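[1] dropping the sequence and predicted coords here.
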Amino acid sequence: MIKRRNHGRGHSYYADRMPGRPADELVKLPGVTTILDMQPKPGLIKWAATTTADYAVDHWRALGKLPVSDRLKELYGARSKHVDPLARRGTEVHALAEKIITGQPVTVPEALAGHVDSYRKFLATFRAEPVAVELVIANRAVGYCGTADLVAVMLGETWLIEIKTGESGIWPEAALQATAYRRGEVFAFPGEDDEHDLGSLGIDRAAALHLRADGYDLRPLNTGDEVWAYFCRLADNHREQDALREWVGDAIEPLSVVA
């Protein structure tokens, strides 16, 4: 059994029959995106600094009227003021995309009309036929779970497709993410406990669909052995995080050294 439990704006994953654990014990597993946080992101560090600096310059006079401690709070939150609306947009686009491809009626907010039009054009152009949507994937051997956006038949093959709405396009992490999903062992449909062999879906290739208000790009993703090996190293690093605390011992007292 594999489970995704939603809580607030986040979620967590659990699986039974984990190696070395009682068969009926539900063990919390990291998500694929959590493991990808182990990947260094120098571009993100630069973006954080630039965003904070831009906010300070753009709001210079307003910040100057605040007590120093409040100024700092405003600057600390500058990144969130930029990211949170983008994150909400991504979540809303994913929810709309799921309903559209499964034939459910949707009410499209005006702000997302362009993204929805782009998605509809993609479906029509590539004649994408859904096989599974928002499927929960698990790999017990490596120890992770995740939620894949879409598996669909198009261009005569079965594709795993990840939907992205970020302003900066498709990053290499998308290939790692798709590889982890494609190398899963089992999957479950949303809201169901029964799991199925992921191989039964017959996934041939993977791609990232970059949805924008003014169009879309479908970009193929490498899910080969070298990408899988890289992801597994990140998973190993994530697993070792708890051991870091033991790398530094207690303070040494002189008398204990002499003794």
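    Great, that's in hand. Residues are numbered from 1 along each chain as shown.
[2] what ranges do the helices span in this protein?
    Taking DSSP state H, the helices of the chain run over residues 32-36, 42-58, 60-64, 68-76, 78-101, 113-126, 173-182, 225-239, 254-258.
[3] export those helices to JSON lines and tack on distance to residue 148 and mean pLDDT?
    Bear in mind the C-beta positions are built from the backbone N, C-alpha and C, glycine included. As requested, the helices of the chain are exported to JSON lines (distance: least, C-beta to C-beta, whole Å; pLDDT from 0 to 100):
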{"stretch": "helix 32-36", "distance to residue 148": "9", "mean pLDDT": "96"}
{"stretch": "helix 42-58", "distance to residue 148": "23", "mean pLDDT": "82"}
{"stretch": "helix 60-64", "distance to residue 148": "43", "mean pLDDT": "90"}
{"stretch": "helix 68-76", "distance to residue 148": "34", "mean pLDDT": "88"}
{"stretch": "helix 78-101", "distance to residue 148": "11", "mean pLDDT": "83"}
{"stretch": "helix 113-126", "distance to residue 148": "17", "mean pLDDT": "96"}
{"stretch": "helix 173-182", "distance to residue 148": "4", "mean pLDDT": "97"}
{"stretch": "helix 225-239", "distance to residue 148": "14", "mean pLDDT": "96"}
{"stretch": "helix 254-258", "distance to residue 148": "54", "mean pLDDT": "64"}
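[4] which among those is found nearest to residue 157?
    The closest of those to residue 157 is helix 113-126. By C-beta to C-beta, the value is 10.9 Å.
[5] quick check: which of the helices of the chain is buried the most?
    Mean neighbour count (mean count of other C-beta atoms under 10 Å) peaks for helix 173-182 among the helices of the chain, with a mean of 24.
[6] just how off-centre is that one within its chain?
    Relative to the mean C-alpha coordinate of its chain, helix 173-182 is positioned 10 Å out (C-alpha atoms, centre = their mean, to the nearest Å).
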